[in-house]
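Colleague: I'll drop the sequence and a predicted model, then ask my questions.
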There are 2 protein chains.
Amino acid sequence: MDTLETRELRYFVAVAEELHFGRAAERLGIAQPPLSRAIQQLERRLGVALLERNRRGVSLTGAGEILLQEGRAALDATTAAVRRTRRAGGAGRPGGPRDRVVLAVKAGAFHELLNKLLDAHAAEPGAAEIEVLPSGMCEQEAMLRDGRADVALMHTPFNSLAGFDSVALVTEGQVAILPASHPLATRKSLSLAEISDVPELPLARWPRHDTYPPGPGPEVHDQTQLAQLIALGRTTAVFPESARTWLWDEHAAVPLSDAPPVTTHIVWPAHSRSRVLAGLIETASRL
Amino acid sequence: MDTLETRELRYFVAVAEELHFGRAAERLGIAQPPLSRAIQQLERRLGVALLERNRRGVSLTGAGEILLQEGRAALDATTAAVRRTRRAGGAGRPGGPRDRVVLAVKAGAFHELLNKLLDAHAAEPGAAEIEVLPSGMCEQEAMLRDGRADVALMHTPFNSLAGFDSVALVTEGQVAILPASHPLATRKSLSLAEISDVPELPLARWPRHDTYPPGPGPEVHDQTQLAQLIALGRTTAVFPESARTWLWDEHAAVPLSDAPPVTTHIVWPAHSRSRVLAGLIETASRL
DNA sequence: CGCTGTGATACTCGGGAGGTATCACCGGGA
DNA sequence: TCCCGGTGATACCTCCCGAGTATCACAGCG
């Protein structure tokens, strides 16, 4: 009576996201009537109204908001359980798949650190296989939560380490990435104010948790797009120093005097206790 | 095909914990054969062996260990969803229950800070109701994870904040709590070494994650037991300075020069975003 | 006033979860 | 050696509940 089937959670989350029974049912691959009944039954069992059925549509009650949030977390945890169990399947048995750890890394970042880490890990005696999984900008957190990855490299203060265990690896300053031809590109150092005050070079905007902040700069989705736009003299960006590795000839990197330092962390789900993961973390923190 | 019902997780966790189908079935309130079948089906669907059925009993494979760990986390998340949704039920509607936040606090600790926090919060305009939930020694983490609590006060380095968001509130030194009649009780300051070297006063041992470390000291479960034993001159203990509030006349508190400082944090599940909780955290960090 | 689109209801059907009875296997003791 | 206690697996049956189809009730809107 105080438990809740995964199916019910999936159904509710679908309805809460679509705010429309028909579309939700279609997304779930079932018909609309069973979905209506399932939600009603869910509300009865919880003893709580989750949806406000007003004319022309559906909206969430306060309790519904909570269940959406908590239900997503629970569903993530469940699919994580499946993914990680499958991945661990047969590990350790000769002939079966080797121990494997999936490391989520922001695509295009961490080149140097990542190389050092992988080399150091490969040099360990009983080294497990590490699969490097490139991720979108703020996607690593979701990947850790739903089990697509076991461990990740993240940058504070950009990524939030909320909900995870982590060890800080290195801290570095930030640089402004400018078109090499731009007047500011020859400066020894710049301030954030100077960067933001250049009207012909608006700062590029990254998707942050699925939403763009309003602003003048162009919207970019990956480092290649951004590199292109900078080379064309259309925008500028601020990055950790280690981003120098991927700069083109057309780019210039100028240190920023007042940008907050960026720290790279190795991050994993708090409840992980696997030997392989522990080894990797140990290796990383010795770098 | 890549999802997993709560029921299946419950079943597997029961078997993995009992390592015995019969007992697990009894605990689950079902018969043994359906349980056997459910686990077989689970293994087939995951494509992974979870249990090693050797003669005379059952043991976990590597994948089984992972699923036990991850499954527990997923089940906790599910029951947390139910608890928090029920708690939020009807909130905001006049006549219904008020907004309520459950604050888990180590029983007997945090007296001063807790009073200040509750007073400050009650003084806020739209103050929600705060229910203070006393918890066992290291139980607050579990309470946050499975939804019995929404927010907690914890001490580092004793509690691990792993998996949660937190804000540090105050840092304080530690004191040794001694029988007032003991020779060391008159000292202005002590070192950890001096404390541990007194054979007639072995340090008390607390249950830490359900297991006692081996050692000579008596086992204690709550502060009252401990207070009694100290007053009787049978043991000693190390506590944050703020513990002075609950000392008896028969107790003496002597500052420790080399004990690590203790920081009190307010801690909540990383995905929480409720307005009420945000208000409480805001109030706490202004203290 | 019908038409459209919404969610709820009525009824039926089939799969699967669960129960009972039983088997197959192994180890230990007299 | 043989039987017995205890383990998990299998066979078979029952029945509930989840899902589908058809339909309703209702609200907006031209």
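Modeller: Okay, I see it. Bear in mind the structure is a predicted one, so any value in this text is a computation, not a measurement.

Colleague: give the closest residue to A:M143 in space, chain neighbours not counted.
Modeller: Excluding its sequence neighbours, the residue lying closest to A:M143 (C-beta to C-beta, 6 or more residues apart in numbering or on different chains) is A:A149, at 4.1 Å. Quick note: C-beta positions are derived from backbone N, CA and C, even for glycine.

Colleague: shouldn't the one you found be in contact with A:R100?
Modeller: No: taking contacts as C-beta atoms under 8 Å, A:A149 lies outside contact range of A:R100: 11.4 Å.

Colleague: ok, the two, which is more surrounded?
Modeller: Neighbour tally, A:A149 and A:R100, criterion other C-beta atoms under 10 Å in any protein chain shown: the higher count belongs to A:A149, 28 against 14.

Colleague: and the gap between that one and A:A122?
Modeller: 19 Å (C-beta to C-beta, to the nearest Å).

Colleague: check A:L9 too.
Modeller: Distance, A:L9 to A:A122, using C-beta to C-beta: 41 Å.

Colleague: out of those two, which sits in the busier spot?
Modeller: Using other C-beta under 10 Å as the criterion, A:L9 and A:A122 rank with A:L9 on top: 25 against 11.

Colleague: in this structure the more buried one contacts B:A80, no?
Modeller: No: A:L9 sits out of contact with B:A80 when judged by C-beta under 8 Å, with a separation of 11.8 Å.

Colleague: overlap in contacts of these two?
Modeller: A:A74 (C-beta atoms under 8 Å, 6 or more residues apart in numbering or on different chains).

Colleague: in the worst-scoring helix or strand of chain A on mean pLDDT, what counts as buried?
Modeller: None of the helices or strands of chain A scores lower by mean pLDDT, DSSP states H and E than helix A:223-231, at a mean of 81. By neighbour count on 16 or more other C-beta atoms under 10 Å in any protein chain shown, the buried set for helix A:223-231 is A:Q223, A:L226, A:A227, A:L229, A:I230, A:A231.

Colleague: out of the residues you listed, who's nearest DNA strand D?
Modeller: Closest to DNA strand D out of the buried residues of helix A:223-231 is A:Q223 (42.6 Å), distances taken as C-beta to the nearest atom of the strand.

Colleague: any idea how far the longest helix anywhere in chain A is from the middle of the chain?
Modeller: Longest helix in chain A, counting residues (DSSP state H): helix A:62-88. Centroid displacement of helix A:62-88 relative to its chain, using C-alpha atoms, centre = their mean, to the nearest Å, is 16 Å.

Colleague: next SSE downstream of that helix?
Modeller: Remark: after helix A:62-88, the chain's next helix or strand is strand A:100-106, criterion DSSP states H and E.

Colleague: next, the angle helix A:62-88 makes with that next one.
Modeller: Compare the direction of strand A:100-106 with that of helix A:62-88 by axes from the mean of the first three to the mean of the last three C-alpha atoms, to 10 degrees and you get 130 degrees.

Colleague: give me the sheet partners of strand A:100-106 and which way each runs.
Modeller: strand A:129-135 (parallel), strand A:151-156 (parallel) (DSSP bridges).

Colleague: show me the shaky parts of the stretch 51-200 of chain A.
Modeller: A:55-56, A:90-98 (pLDDT under 70).

Colleague: what sits against A:V102?
Modeller: Here A:V102 is in contact with A:R87, A:I130, A:E131, A:L133, A:R148, A:A149, A:D150, A:V151 (C-beta under 8 Å, 6+ apart).

Colleague: the second one contacts A:L103, correct?
Modeller: Yes: using C-beta under 8 Å, A:I130 and A:L103 qualify as a contacting pair, with a distance of 5.5 Å.

Colleague: so for these two, which residue has more residues nearby?
Modeller: For A:I130 versus A:L103, the count of surrounding residues by other C-beta under 10 Å is larger for A:L103: 24 against 20.

Colleague: which among the strands paired with strand A:100-106 is found nearest to DNA strand D?
Modeller: Across these, closest to DNA strand D is strand A:129-135 (C-beta to the nearest atom of the strand), at 30.6 Å.
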